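sequence and predicted structure are below.
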Amino acid sequence: MDDDWSRFRPYFADDAVYEVKSNSFGCKLTGPDAIFTGIKKSLDGFDRQFESRGIDITKGPEIDGDELRADWAVTYGSWSNR
C-alpha cells in the first residue's frame, strides 16, 4: 500500500459521507479529505499493527438512491509488534 489516496478521489462527491456505526469506535466523516484522512488514521493506528486481516461482507451491499450500505466483519491475524 502506497497511501496514494488521490486515485480514489474521482469516485467521491465533495459532500460524500463515510459513517461507521459502532458503540466503541463509530465516526461520521464528511468530504473526501476527511474520509481519506480518517481511513488512513484507522489503518495506521490499528489494522496495520497486525500481520494479516480478512474482511467478510456480512450484509449488502445495499444501494438506496445515492447511499451504499454494507456490514462487514474483520478477522485479524498475529500482532506484528511494529
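Cool, got the structure. Numbers count the residues shown, from 1 in each chain.

W5 contacts F36, correct?
Yes. Using CB atoms under 8 Å, W5 is in contact with F36, at 4.1 Å. (C-beta placed from N, C-alpha, C; glycine too.)

between those two, which is the more surrounded one?
In this view W5 and F36 are compared by other CB atoms under 10 Å, and F36 has more residues nearby, 18 against 15.

which residues of this protein fall in helices?
32-45 (DSSP state H).

low pLDDT regions in it?
1, 80-82 (pLDDT under 70).

those strands in it, which residues are they?
Remark: strands assigned in the chain by DSSP state E are 17-20, 27-30, 53-64, 67-76.

kindly export the last one (C-alpha atoms) in PDB.
Read that as strand 67-76. This file holds the C-alpha atoms of strand 67-76, laid out as PDB (Å, rounded to 0.1, in the frame of the first residue of the first chain):
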ATOM      1  CA  GLU A  67     -26.300   5.700  -0.500                       C
ATOM      2  CA  LEU A  68     -24.400   2.500  -0.300                       C
ATOM      3  CA  ARG A  69     -24.600   0.400   2.900                       C
ATOM      4  CA  ALA A  70     -22.700  -2.800   3.800                       C
ATOM      5  CA  ASP A  71     -22.000  -4.700   7.000                       C
ATOM      6  CA  TRP A  72     -18.700  -6.500   7.500                       C
ATOM      7  CA  ALA A  73     -16.700  -8.500   9.900                       C
ATOM      8  CA  VAL A  74     -12.900  -8.300  10.200                       C
ATOM      9  CA  THR A  75     -10.600 -11.100  11.500                       C
ATOM     10  CA  TYR A  76      -7.100 -10.000  12.400                       C
END
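
now that strand against strand 53-64, angle please.
170 degrees (axes from the mean of the first three to the mean of the last three CA atoms, to 10 degrees).

now for strand 67-76, which elements pack on it?
strand 53-64 (3 or more CB pairs under 8 Å, 6 or more residues apart in numbering; DSSP states H and E).

repeat that for 10 Å
Strand 67-76 sits against strand 17-20, strand 53-64, with contacts defined as 3 or more CB pairs under 10 Å, 6 or more residues apart in numbering; DSSP states H and E.

what do you get for the first one?
With contacts taken as 3+ CB pairs under 10 Å, 6+ apart, strand 17-20 sits against strand 27-30, helix 32-45, strand 67-76.
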